[in-house]
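> Dropping a prediction and its sequence here:
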Amino acid sequence: MKLLVINSNMNREITDKIREVSRRLANPGTTVDVICAEWGVPVIEGNYDAAFAALATVDLVRRHEKNYDAFVIACYCDPGLYAARELTNKPVYGIAQASMLAACSFGHRFSILSPLNRFKPVIESLVRYYGLEALCASVRTVDMDVKQSFDDLKAANTAFAREARRALEEDGAEVICLGGASFSGRDHAIGEEAGGVVCIDGLSVAIKQAEAYHCLGYTSSKVGLFEAPRVDRKSV
């Protein structure tokens, strides 16, 4: 299969990391291309940034729709996910939704960790939007921005591991979702530092979901929510 992974921001350093992890995880028969937004924002740290990122992401899905079997949106606010699903009957996965659904397979309740305090209400709103509020024990943040969480891996891993332990002990979580593409490939290291807790990397599970469901022949439903747009906006 051919899979396109989209980093919804313009940060090429994070895109390179996403590419490295994606190609390492993919099956031998899977071709993975990884691109980032060509316009918009360098990082996504709030609703304003996410609005631009969503438009840039949907534009990339539209332009590449005929060339790939599935798409992964590698940003933890899943910008443009539902709009992209309207544009194509090919599966589109968001790493936030993918991680939450995967977490439900490994424990009763999950907590989400994010590297930015102001992003907490954004993620909480996303949990409610996906109908998973009853299964989400908490959304916890650490006091660092996205760039810091990527630049100082050791400090970021330790901070996330500390919050993971607190989520288990204080919130009743059983599984941890790592809330950011910048943490791709660091799930096992953080889980081990946190005492062996299961940590879910959204990028990893999204890629594996894409491969598995492609083998099963599943596509996005065109009945109801993801019905194709009735007006071609390009002609308006």
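Looks like it arrived, so ask away.

> Report pLDDT for D232.
For D232, the pLDDT comes out at 66.

> can you check R63 too?
Note on R63: pLDDT of 96.

> In a helix, it, correct?
Yes - counting by DSSP: H, G, I helix; E, B strand; the rest coil, one finds R63 located in a helix.

> Tell me where the protein has helices.
Here the chain has its helices, by DSSP state H, at 12-25, 47-64, 81-87, 95-103, 120-129, 146-151, 153-166, 187-193, 202-216.

> Confidence-wise, which of those helices is weakest overall?
Looking at the helices of the chain, the lowest mean pLDDT belongs to helix 146-151 (a mean of 70).

> ok, now how distant is A84 from T57?
Counting by CB to CB, to the nearest Å, the gap from A84 to T57 is 7 Å. Bear in mind the C-beta positions are built from the backbone N, C-alpha and C, glycine included.

> Next, find the distance separating the residue nearest the centre of the chain from R230.
Geometric centre of the chain, nearest residue: I95, 2.1 Å, by CA atoms, centre = their mean. Counting by CB to CB, the gap from I95 to R230 is 29 Å.

> One more: S99?
Relative to R230, and taking CB to CB, S99 is found at 32 Å.

> Looking at these two, which one has more neighbours?
S99 (26 against 6; other CB atoms under 10 Å).

> what sits against the residue nearest to the more buried one when sequence neighbours are not counted?
Residue nearest to S99 in three dimensions, not counting chain neighbours: G202, with 3.5 Å by CB to CB, 6 or more residues apart in numbering. By CB atoms under 8 Å, 6 or more residues apart in numbering, the contact set of G202 is 74, 76, 94-96, 98-99, 177-179, 181, 184.

> Please repeat the previous calculation with a cut-off of 7 Å.
When contacts are counted by CB atoms under 7 Å, 6 or more residues apart in numbering, G202 touches 76, 95-96, 98-99, 177.
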